[in-house]
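[1] Just a sequence and a predicted model for now, questions to come.
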Amino acid sequence: MAERDALAKVSEFRAELYACFTSRADALFDLCDALLCTDGPVRTLVDLALAPEHRRGHGALYSGINQGRIDVARLRRALAGVPLPRASDGRLVLAVDVSPWLRPDADTCSDRSFCHTFGRGLGKHQMVPGWPYSIVAALETGRTSWTALLDAIRMEPGADLAAVTADQVRDVVERLVEAGQWHPGTPNILVVLDAGYDAPRIAHILSDLPVDVLDRLRSDRVMRKPVLVPWICPPQGGRPPKHGGEFVFGRPETWGEVTAVTVTSTDRYGTATAQAWDRLHPRLTRRAAWLDHEGPLPIIEGTVIRLSVEKLPSGGVNRPVWLWWSGTGARSEDVDRCWQSFLRRFDVEHTFRLLKQTLGWTKPKLRDSRSADRWTWLVLAAHAQLRLARPLARDLRRPWERPAEPNRLTPARVRRGFRNLRAKTGTPAGAPKPSRPGPGRPLGSKNRHHAIRHGVGRILATGEAYSPPAHHEVGTKPRRVTPVAS
């Protein structure tokens with residue numbers, strides 16, 4: 001019975017996915033099936049045309065990517081309507097992170113931005129041109145490589161990361177509420193972020209939604225304590241202060257009394273100790289994102305959590321981790337839920353590795369950014385089908401691989417048996433019609449339509465687009481003339 005229900009969910013999602021393709025639907029759906037059923041990792045996009053599930057030629061493949069149309073709003077609603085993983089208390093835990101599609105040598109690609117990439121070693125981080133995508137995924141409990149992808153947005157050059165993330169999370173939460181994934185009276189949705197996000201600002205923007213924000217902070221931050229009540233006016237008079245004393249992360253003498261402390265014994269990290277301080281807030285100033293804020297600057301209070309462990313699995317230096325939770329009045333169970341949910345945030349890194357190394361998300365050398373968006377949504381739809389087919393998969397392991405339990409298969413192992421599952425679900429795509437190839441370009445003719453070259457998007461502090469000086473253009477440098485001897 002459970003297997004029949006799981007098969008019905010896969011078939012229903014595949015039918016809804018086909019309905020989301022408004023142009024070149026058959027070519028796009030065959031391409032998605034080829035992505036799911038091909039053996040091994042995807043090396044190039046054109047290799048998918050050789051899969052038996054792709055019943056069309058390579059021309060139809062590129063035609064679907066470049067000229068197809070996808071109803072993204074409907075596909076987003078379909079992703080929000082499938083069963084989603086939940087925490088032990090029944091709440092949804094969402095992770096938001098940015099993953100780049102690097103295109104450093106693609107001068108003819110538009111809408112490229114400088115993407116931050118991590119290097120091996122100290123000081124090896126680089127800014128490489130590419131397309132950064134902000135991805136939202138629902139996390140599971142426990143150690144796993146599975147996540148439920150819900151949304152992906154390509155960030156424009158010069159986009160405000162906090163504003164884009166807040167708008168994206170708002171849209172995702174509204175779709176989840178519309179799909180019945182959250183009801184009044186149930187725990188708030190927890191949004192987990194990593195360092196680099198302005199969590200207090202995001203929490204302030206999303207204050208009207210049933211959302212709690214959890215973020216990692218730098219170890220050199222300084223927060224402010226609440227003003228003591230009752231406040232005693234000094235003899236010289238003056239208005240009451242807005243901020244209390246400083247809470248310096250690097251100075252334990254400024255921390256004060258701890259609100260809650262938890263000690264947990266773990267297998268990988270030894271003893272994990274979490275300390276929490278309630279009602280701490282950053283001191284905002286009228287600059288950067290708060291420059292045009294109307295009225296007095298808000299006081300965004302939250303809970304600061306300091307997590308320290310006994311050891312690391314890698315044997316590295318176990319420095320403490322500082323977290324900021326937008327909720328107040330934290331109890332011991334709230335503190336444990338926060339730091340355990342933050343550890344589960346790193347499961348999305350396994351999903352990124354699967355998308356790039358196995359499903360070949362960043363392998364195609366596409367020129368148009370809109371084509372890259374279509375391919376991205378095809379990859380997300382393929383990953384959703386793998387997750388729905390998880391209860392139906394059989395372990396088709398290699399001779400050198402260890403056996404795995406049916407409910408512990410990785411996404412790559414589930415993908416190996418999707419070809420057998422496709423025979424049961426069928427395909428809504430129509431059969432290809434016989435045709436002949438076009439004449440193509442006449443022999444010996446030259447290409448008269450040269451591709452336009454685009455620079456990497458740079459935005460100045462004033463919000464204007466950066467343009468290189470005139471003397472930086474080719475052919476504008478004055479030549480050095482050697483004086484003629486008289």
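    Here it is on my side, so go on. As the structure is a computational prediction, the values presented were derived from the model and not from experiment.
[2] Just the endpoints, please. Distance across stretch 392-409?
    End-to-end span of stretch 392-409 (CA to CA, to the nearest Å): 11 Å.
[3] Ignoring the adjacent residues along the chain, who's closest to the most centrally placed residue in the chain?
    The centre of the chain sits closest to Ile135, judged by CA atoms, centre = their mean, with a distance of 2.4 Å. Leaving out its chain neighbours, the residue that sits closest to Ile135 by CB to CB, 6 or more residues apart in numbering is Ala152, at 4.9 Å. The C-beta positions use only the backbone N, C-alpha and C, and glycine is treated the same way.
[4] do Glu156 as well
    Using CB to CB, 6+ apart, the closest residue to Glu156 is Asp111 (6.4 Å).
[5] Assign the residue nearest to the centre of the chain to helix, strand or coil.
    Look at Ile135: counting by DSSP: H, G, I helix; E, B strand; the rest coil, its state is strand.
[6] since we're on the residue nearest to Ile135, how many residues are nearby?
    By the other CB atoms under 10 Å criterion, the neighbourhood of Ala152 contains 22 residues.
[7] I'd guessed the residue nearest to the centre of the chain sits against Trp101; true?
    No. Judged on CB atoms under 8 Å, Ile135 makes no contact with Trp101 at a distance of 11.3 Å.
[8] Doesn't the residue nearest to Ile135 belong to a strand?
    Yes. Counting by three-state DSSP, one finds Ala152 located in a strand.
[9] give the contact list for it.
    With contacts defined as CB atoms under 8 Å, 6 or more residues apart in numbering, the neighbours of Ala152 are Tyr133, Ser134, Ile135, Val136, Thr376, Trp377, Leu380.
[10] There's contact between the second one and Ser113 in this structure, I believe.
    This points to Ser134. No. When contacts are counted by CB under 8 Å, Ser134 is not listed as touching Ser113 (11.8 Å).
[11] Please enumerate the shared neighbours of those two.
    With CB under 8 Å, 6+ apart as the test, Ser134 and Ser113 both reach Met155.
[12] what about the stretch 201-350 of the chain, any weak spots by pLDDT?
    Within the stretch 201-350 of the chain, not a single segment meets pLDDT under 70.
[13] ranges for the helices of it?
    Assigned by DSSP state H, counting those that start in this stretch, the helices in the stretch 201-350 of the chain fall at 332-344, 347-353.
[14] okay, now the residue nearest to Pro364 when sequence neighbours are not counted: neighbour count?
    Spatial nearest neighbour of Pro364, excluding adjacent residues (CB to CB, 6+ apart): Leu45 at 4.1 Å. Other residues within reach of Leu45, judged by other CB under 10 Å, total 19.
[15] What of Thr273?
    By the criterion of other CB under 10 Å, Thr273 has 16 neighbours.
[16] List the contacts of it.
    Thr273 makes contact with Val261, Thr262, Val263, Thr264, Leu307, Ser308, Val309 under the criterion CB under 8 Å, 6+ apart.
[17] all strands of the stretch 151-300 of the chain, in order?
    Taking DSSP state E, counting those that start in this stretch as the test, the strands found in the stretch 151-300 of the chain are 189-192, 211-217, 222-224, 246-248, 260-266, 270-280.
[18] Can you add distance to Ala429 and give these back as TSV?
    Listed next are the strands of the stretch 151-300 of the chain as TSV, based on distance: least, CB to CB, whole Å:
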stretch	distance to Ala429
strand 189-192	35
strand 211-217	38
strand 222-224	55
strand 246-248	59
strand 260-266	48
strand 270-280	50
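[19] Just put the helices of the stretch 201-350 of the chain in TSV and tack on distance to Gly245 and mean neighbour count.
    Below are these laid out as TSV (distance: least, CB to CB, whole Å; neighbours: other CB atoms under 10 Å):
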stretch	distance to Gly245	mean neighbour count
helix 332-344	22	19
helix 347-353	37	18
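[20] before we move on, the earlier item: distance of the residue nearest to Glu156 from Asp198?
    Going from Asp111 to Asp198 by CB to CB, to the nearest Å gives 24 Å.
[21] which of those two has more neighbours?
    Higher neighbour count among Asp111 and Asp198: Asp198, with 21 against 16, using other CB under 10 Å.
[22] Which residue, neighbours along the chain excluded, lies closest to that one?
    Ala162 (4.2 Å).
[23] Confirm for me that that neighbour is in contact with Gly196.
    No. Applying CB under 8 Å, one finds Ala162 not in contact with Gly196, separated by 9.9 Å.
[24] For the two, indicate the residue with more neighbours.
    With neighbours defined as other CB under 10 Å, Ala162 and Gly196 compare such that Ala162 has more, 20 against 14.
[25] For the more buried one, give me its contacts.
    Tyr197, Asp198, Arg201, Ile202, Ile205, Ala289.
[26] From these, pick the one nearest Arg441.
    Tyr197 (48.8 Å; CB to CB).
[27] number of nearby residues for the closest one?
    With other CB under 10 Å as criterion, Tyr197 counts 20.
[28] What of the one 10 residues further on?
    Other residues within reach of Ser207 by the criterion other CB under 10 Å amount to 12.
[29] Over to Pro434?
    5.
[30] How is it assigned, secondary-structure-wise?
    coil.
[31] Not counting residues beside it along the chain, what's closest to Asp334?
    Excluding the flanking residues, the one nearest Asp334 by CB to CB, 6+ apart is Gly327, at 6.7 Å.
[32] What residues does that neighbour make contact with?
    Gly327 sits next to Asp212, Gly302, Thr303, Asp334 when contact means CB under 8 Å, 6+ apart.
[33] The nearest residue to Gln168 once chain neighbours are set aside pairs with what?
    Closest residue to Gln168 apart from its sequence neighbours, by CB to CB, 6+ apart: Ile153 at 5.5 Å. Judged by DSSP bridges, the bridge partners of Ile153 are Ser134.
[34] How about the contacts made by Ile153?
    Residues in contact with Ile153, defined by CB under 8 Å, 6+ apart, are Tyr133, Ser134, Val164, Gln168.
[35] measure it to Ala382 for me?
    Distance from Ile153 to Ala382, counting by CB to CB: 19 Å.
[36] Would you quantify the distance from the residue nearest to Asp198 to Asp89?
    28 Å.
[37] Could you do Arg319 as well?
    On the measure of CB to CB, Arg319 and Asp89 end up 29 Å apart.
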